[in-house]
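Colleague: Sequence and predicted model, in that order:
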Amino acid sequence: MNDSELRELLRDSPDSGRRAVFDEYYNYVYAIVLRILRGHAGERDIEECVVDVFSDVLLHLDPERESTFKSYIGTVAKRDAISRLRNVRKQTLRNVPAESDELGELVCGDDIAADAENSIVTDLLMKAVAELGEPDSVIIVQKYFYDRKSDEIGRIVGMSPTAVRVRCMRAMKKLRKALDGLI
């Protein structure tokens, strides 16, 4: 179905027209969203993003607009997928547990002073890691908190394993320098 047929259907029967737009462009939108979110988000997030794209498109679609539907829908899909990617990355950083079980044996358990000091050190460490910025902070968290290998991290951040290792090494140097005077 071409754009003029879709425009006519949207004018004559809005519900049928919306369904036709969905049917016509679903695979296109899914491919764009998948390309951006692959390795960063789960299947559920990808499907939710596709639904959000069509929600945005169908709420704001103007059949009288001169641009092609494909370019408009592709732009919305790319924008929404990038926004979802940012949210997923932020969520990944927020979900890094600062409990002793996840970070190794940092906390003694009986010594309150040592517990407090370890808590302060952990907070300083997490702030310093967050200040590294993207993708360095994600690489450090994935490597040292989730014990992931370079190829797994590469899929998450969209880099080659070699690039991940180089970024990790440089990020660790920055982290050491930032923490030298603090700890």
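Modeller: Perfect, I can see it now.

Colleague: How confident was the prediction at the nearest residue to Ala130 once chain neighbours are set aside?
Modeller: Residue nearest to Ala130 in three dimensions, not counting chain neighbours: Ser137, with 5.6 Å by Cβ to Cβ, 6 or more residues apart in numbering. Any C-beta I mention is one placed from the backbone N, CA and C, and that applies to glycine too. pLDDT, Ser137: 81.

Colleague: In this model Ala128 seems to touch Ser137, though I could be wrong.
Modeller: No: the pair Ser137 / Ala128 is not scored as a contact, 9.3 Å apart, by Cβ atoms under 8 Å.

Colleague: so which strand or helix has the closest residue to Glu134 other than its chain neighbours?
Modeller: Nearest residue to Glu134, sequence neighbours excluded (Cβ to Cβ, 6+ apart): Arg89, at 6.6 Å. Using DSSP states H and E, Arg89 maps to helix 69-94.

Colleague: One more: Phe22?
Modeller: Here Phe22 is covered by helix 14-37, with elements defined by DSSP H and E.

Colleague: How far does the helix or strand that that helix is followed by sit from its chain's centre?
Modeller: Sequence-wise, the next helix or strand downstream of helix 14-37 (DSSP H and E) is helix 43-60. Helix 43-60 has its C-alpha centroid displaced from the chain centroid by 15 Å (Cα atoms, centre = their mean, to the nearest Å).

Colleague: Outline the domain layout of this protein.
Modeller: Annotated domains of the chain cover 3-93, 96-179 [automatic domain parsing].

Colleague: pLDDT below threshold where in the chain?
Modeller: 66, 92-121, 181-183 (pLDDT under 70).

Colleague: Now do the contacts for the nearest residue to Tyr25 once chain neighbours are set aside.
Modeller: Counting by Cβ to Cβ, 6+ apart, Tyr25 lies nearest to Ile73, which is 5.1 Å off, once chain neighbours are set aside. If a contact means Cβ atoms under 8 Å, 6 or more residues apart in numbering, then Ile73 has 21, 25, 28-29, 53, 57 as its contacts.
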